[in-house]
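A.B. asks: Structure for the following, please:
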Amino acid sequence: MTLTKADIIHRICESKILSKADSVRSVETLLELIKHHLETGDDILISGFGKFAVKDKRTRRGRNPHTGDDLMLGPRRVVTFRPSGVLRKRLNIEKA
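C.D. replies: Residues are numbered from 1 along each chain as shown. Predicted structure coming up:
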């Protein structure tokens, strides 16, 4: 099951700590803050959850999977995520 932004807002609202409007504003503000910092190349570290980082990729050779033709993929930036040790442990405990 995929957890959507609407699901997050709904679950925050269900907790009765914030109204639906406040929940929407909080989630939107958090996501905009994360996007802004990633756009500027800053890493985002959320204790107990993980680290989002921007990595620069160089130009490389690729292949069009549909036609099989070779092509050059240009340089680009990608977002990576590395879970914290706490999250990794929780994921592995649930599988055991």
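
A.B. asks: residues in contact with stretch 18-32?
C.D. replies: With contact meaning CB atoms under 8 Å, 6 or more residues apart in numbering, stretch 18-32 is reached by 5, 8-10, 12-13. Heads up, the C-betas are built off the backbone N, CA and C, glycines and all.

A.B. asks: Check the protein for its longest helix and report it.
C.D. replies: The residue-count maximum for a helix in the chain (DSSP state H) belongs to helix 20-39.

A.B. asks: State the next helix or strand along the chain beyond it.
C.D. replies: Counting by DSSP states H and E, the next helix or strand C-terminal to helix 20-39 is strand 44-46.

A.B. asks: what about residue 9, how many residues close to it?
C.D. replies: Residues lying near residue 9 (other CB atoms under 10 Å) number 20.

A.B. asks: Give the buried residues for the longest helix of the chain.
C.D. replies: For helix 20-39, a neighbour-count test (16 or more other CB atoms under 10 Å) marks 23-24, 27, 38 as buried.

A.B. asks: And the average pLDDT for it is what?
C.D. replies: Mean pLDDT, computed over helix 20-39, is 95.

A.B. asks: Can you lay out the contacts of stretch 18-32 as TSV showing secondary structure?
C.D. replies: Output for the contacts of stretch 18-32, formatted as TSV (DSSP: H, G, I helix; E, B strand; the rest coil):
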residue	secondary structure
5	helix
8	helix
9	helix
10	helix
12	helix
13	helix
